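Engineer: got a predicted model here, sequence first, then my questions.
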Amino acid sequence: MKYRLYYWPRQGRGEQVRLLLHELGQDFEDIHIKPDGEFLTLKKQGAKTLYFKSVPMLQDGDFKLVQGPVIMNYLGRKHGLMSDDLQLAAKTEAIVLGAEDMRMAYFRAFGDSDEAIEKQALFVKDQWKPRWLPSWNELVELNGDKGYFVGSQLTQADIAVWDALDAIIHWIEGADFGDYHRLVRFHESISRRSGIASYLSSRK
């Protein structure tokens, strides 16, 4: 049975899961829910379906799982992206959660037009430049400049970080990679992977 992914008809927290499923070559139903339609029905089913009345939700047969980072790590383990080494696996999960922290900070940089301009400028000044860019750049460097965040092969952490970075540089005014050339190479490299590239071309 193919996967089912339930999320809003936008990118948001569900996009990293879509990207990972395309990278893995997995056939899945991308179910775009509506607040007064499918989402209401799912919420009425209680915690057996939506643990916390939130999406994204991945359905794998009879198993239903929520929380974007957890879904990413579940798929990573199931499809052999996670290292068997306990410490490397933990680092992978930490980076997935780090990407989620950055994504949540990015989400808060929106509002009405005047408010958004101020919030985005503050995000770039107080978070993007002093915190996130140097941290991601150093993590790639500490991994031996292999082009990934953990080990010598792609993991779900790379997809999670790529998705958050890509959203920020496209939607936050003034957010770019600057002189962090490792991050430029990382972003370009993931963009060129066949499954990712095919999906990106289809979503434009």
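Structural biologist: That came through, no problem. Residues are numbered from 1 along each chain as shown.
Engineer: check the offset of the lengthiest helix in the chain from the chain's centre.
Structural biologist: Criterion DSSP state H: the longest helix present in the chain is helix 86-107. In terms of C-alpha atoms, centre = their mean, to the nearest Å, the centre of helix 86-107 is found 9 Å from the chain centre.
Engineer: pull the CA atoms of it into CSV?
Structural biologist: Output in CSV follows, covering the C-alpha atoms of helix 86-107 (Å, rounded to 0.1, in the frame of the first residue of the first chain):
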residue,chain,number,x,y,z
LEU,A,86,23.8,5.4,17.6
GLN,A,87,25.6,8.7,17.7
LEU,A,88,25.3,9.4,14.0
ALA,A,89,21.6,8.5,14.1
ALA,A,90,21.1,10.9,17.0
LYS,A,91,23.0,13.7,15.2
THR,A,92,20.8,13.1,12.2
GLU,A,93,17.7,13.5,14.3
ALA,A,94,19.1,16.6,16.0
ILE,A,95,19.7,18.3,12.7
VAL,A,96,16.2,17.5,11.5
LEU,A,97,14.9,19.2,14.7
GLY,A,98,17.3,22.1,14.2
ALA,A,99,15.7,22.6,10.7
GLU,A,100,12.3,22.6,12.4
ASP,A,101,13.4,25.3,14.9
MET,A,102,14.6,27.5,12.0
ARG,A,103,11.4,26.8,10.1
MET,A,104,9.3,27.9,13.1
ALA,A,105,11.4,31.1,13.5
TYR,A,106,10.8,31.8,9.7
PHE,A,107,7.1,31.3,10.0
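Engineer: could you name the helices and strands sitting against it?
Structural biologist: Of the remaining helices and strands, those touching helix 86-107 by 3 or more C-beta pairs under 8 Å, 6 or more residues apart in numbering; DSSP states H and E are helix 68-78, helix 156-171. Bear in mind the C-beta positions are built from the backbone N, C-alpha and C, glycine included.
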